[in-house]
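> curious how this folds, go ahead:
(chains A and B)
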Amino acid sequence: MIPAAFDYVRAGSAAEAISLIGEHGSDAKFLAGGHSLLPLMKLRLAQPSVLVDIGRVTDLSYVKDAGDHVAIGALTRHMDVENSAVLKEHAPLLAHAASHVGDPQVRHRGTIGGSIAHADPASDLPATTLALGATYVVQGPKGTREIAAGDFYKGFLESDLAADEMLTEIRVPKMNGAGWSFQKFNRRAQDWAIVGVAAWRRGNDSGVALVNMGQTPILASSVSSALSGGASVADAAEQAVAEASPSADNNASVEYRSHLAKVLVRRALEQAGS
Amino acid sequence: MKINVTVNGVKHTSDVEPRMLLVQYVREVLGLTGTNIGCDTSSCGACSLHVDGEAVKSCTLLAVQADGSSVTTIEGMAGADGSLHPMQKAFMDNHGLQCGYCTPGMVMAATSLLKENPNPSEDDVRIGLEGNLCRCTGYHNIVKAVLAAAGK
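Residues are numbered from 1 along each chain as shown, chains lettered A, B, ... in the order given. Got it, this is the predicted structure:
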């Protein structure tokens, strides 16, 4: 399968990328690692007229300790997120979740920013950064702005990013020793999750987000409310689908997904401990 | 668009359409047909090759993205005298191939795996090769071959 023809331009910096995307209009798309976009283009589900290749903007590939949070450049590849010593120490849930994306070949090329900007509810990192209360930094022609992960996801593959804005950094609050768990249920090793759960817990505080349980990644805030109200893990897990709106597909019915979400949230909370 | 790519140590300058996939480039432009196309959806790993030393799925990479890179395909693994790469030898010795279709991708993924983890456990090998499918289901001997190549 070959993508439809397109023009290709390469950006050397974020500023140049934003200028190029503005120049080419809303039919242009950013190309980072290409592991979400190129499969869609090969299937002709996406036919951008111009690709602005940002894969060489290497100054956006970093993981930095920034005091109360870890700052991750949007073009950091999954393999580098997975292996980051800073993330393993301060946000181990994210490093671990990154190790579950695709397979090693995919993780050599795919980027955390690409995955988040693609806003696929079945992807691991949108939900994981949502559970962690991350902030996304985006740059556009009018400057930069910060978007809370909770406000970013607007619909299936739709985000708050304007066509001429580029995600540049992901800021993840340090977990400060919180217990955590990442649960991913799938049939084949490299598949997307049929249902996934990213969760952390420290005392009365917790964050739980669901993969592939709606049109966007889902923050299961009813679970956290139940826990902070003193509910047992088993009772809190019963609230897992309060915010969800799962669909049926070849892998699972709505009922099966809902049941699975409750089971996986319970397992995640048990593993995260208190 | 003009690209400069070093493939198996040989420098190539080519004019390619932006939509040309890297796997098409090595197979159709350079005639290196050892890299197979399997699923064509970045699932099966048959098209795995190395870009700057790391295994990637060349059906999900544009040739223009490899501009300026060093690419190694299965043809570049054996020595100039035809002596097999240790991983190829290990696959042969351990009967790590049946029909052989997945083998180039398996060898490229496995060498990339050992570069990142020179001392893997059996589990590490199985998980490390999760992006490569063998429809003969010959996984057991493939894992044995990779462990043998790692000196186990």
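> tell me the contacts of the residue of chain A found nearest chain B?
Nearest residue of chain A to chain B: A:Asp103, at 2.6 Å (CB to the nearest CB). All C-beta spots, glycine's among them, are computed from the backbone N, C-alpha and C. Listed by CB atoms under 8 Å, 6 or more residues apart in numbering or on different chains, the contact set of A:Asp103 reads A:Ala189, A:Gln190, B:Gly45, B:Glu130, B:Gly131, B:Asn132.
> show me just the buried residues among these.
Buried residues within those, counting neighbours by 16 or more other CB atoms under 10 Å in any protein chain shown: A:Gln190, B:Gly45, B:Glu130, B:Gly131, B:Asn132.
> returning to that earlier point: what's the farthest-apart pair in the contacts of A:Asp103?
Using CB to CB, the pair of the contacts of A:Asp103 lying farthest apart is A:Ala189 and B:Gly45, separated by 11.3 Å.
> which SSE is the residue nearest the centre of chain A in?
Geometric centre of chain A, nearest residue: A:Pro126, 1.8 Å, by CA atoms, centre = their mean. In the assignment (DSSP states H and E), A:Pro126 maps to helix A:124-131.
> now A:Glu169
Taking DSSP H and E as the criterion, A:Glu169 maps to strand A:166-173.
> now swap in A:Ala199 and tell me
Assessed by DSSP H and E, A:Ala199 sits inside strand A:195-202.
> tell me the helix or strand right after that strand.
Next element after strand A:195-202 (DSSP H and E): strand A:205-211.
> kindly report the residues of chain A close to chain B.
Residues of chain A that fall close to chain B, judged by CB under 8 Å from any CB of the partner chain: A:1-8, A:31, A:34-35, A:38-39, A:42, A:51, A:53, A:55, A:102-106, A:108-109, A:189-190.
> buried members of these into ChimeraX, please.
In ChimeraX syntax, the buried subset of those is picked out as below (16+ other CB under 10 Å):
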select /A:3,6,8,31,34,35,38,39,42,51,53,55,102,103,104,105,106,108,109,190
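> from the residues of chain A next to chain B, which land in helices?
For the residues of chain A next to chain B, the ones inside helices are A:Leu38, A:Pro39, A:Lys42, A:Pro104, A:Gln105, A:Val106, A:His108, A:Arg109, with DSSP state H as the criterion.
> how does chain B divide into domains?
B:2-75, B:86-149 (automatic domain parsing).
> of all these, which lies closest to chain A?
With CB to the nearest CB, the closest approach to chain A among the domains of chain B belongs to domain B:86-149: 2.6 Å.
> is the closest residue to B:Met106 other than its chain neighbours in a helix, a strand, or coil?
Spatial nearest neighbour of B:Met106, excluding adjacent residues (CB to CB, 6 or more residues apart in numbering or on different chains): B:Asn132 at 5.2 Å. Three-state assignment for B:Asn132 (DSSP: H, G, I helix; E, B strand; the rest coil): coil.
> packing partners of the lengthiest helix in chain B?
Using DSSP H, we find that the single longest helix of chain B is helix B:103-116. For helix B:103-116, the packing partners by 3 or more CB pairs under 8 Å, 6 or more residues apart in numbering or on different chains; DSSP states H and E come out as helix A:104-109, strand B:48-51, strand B:54-57, helix B:86-93, helix B:122-128, helix B:139-149.
> name the helices or strands packed onto the strand holding A:Ala199?
helix A:92-98, helix A:124-131, strand A:179-185, strand A:205-211, helix A:254-272.
> highest mean neighbour count out of these?
helix A:124-131 (a mean of 29; mean count of other CB atoms under 10 Å in any protein chain shown).
> residues contacting that helix, please?
So helix A:124-131 is contacted by A:78, A:93-94, A:97-98, A:100-101, A:112, A:115-116, A:119-121, A:136, A:149-150, A:153, A:170, A:172, A:182, A:184, A:193, A:196, A:198-200, A:207-211, A:216-219 (CB under 8 Å, 6+ apart).
> ok, stretch A:29-44 next?
Contacts of stretch A:29-44 (CB under 8 Å, 6+ apart): A:1-4, A:6, A:17, A:21, A:46-48, A:50-55, A:74-75, A:77, A:102, A:106, A:109-111, A:113-115, A:117-118, A:120, A:123, A:166, B:40-42, B:59-62, B:65.
> over to stretch A:233-249?
Contact partners of stretch A:233-249, identified using CB under 8 Å, 6+ apart, comprise A:195, A:197, A:208, A:210, A:212-215, A:218-223, A:225-227, A:252, A:254, A:257-258, A:261-266, A:269-270.
> first-to-last residue distance for that stretch?
The separation between the terminal residues of stretch A:233-249, taken as CA to CA, to the nearest Å, is 29 Å.
> buried stuff in that stretch?
For stretch A:233-249, a neighbour-count test (16+ other CB under 10 Å) marks A:Val233, A:Ala236, A:Ala237, A:Glu238, A:Gln239, A:Ala240, A:Val241, A:Glu243, A:Ala244, A:Pro246 as buried.
> residues in contact with the spatially closest residue to the last one that is not a sequence neighbour?
For A:Pro246, ignoring the flanking residues on the chain, the nearest one in space by CB to CB, 6+ apart is A:Arg257 at 4.2 Å. Taking CB under 8 Å, 6+ apart, we find A:Arg257 in contact with A:Ile194, A:Val195, A:Asn212, A:Met213, A:Pro246, A:Ala248.
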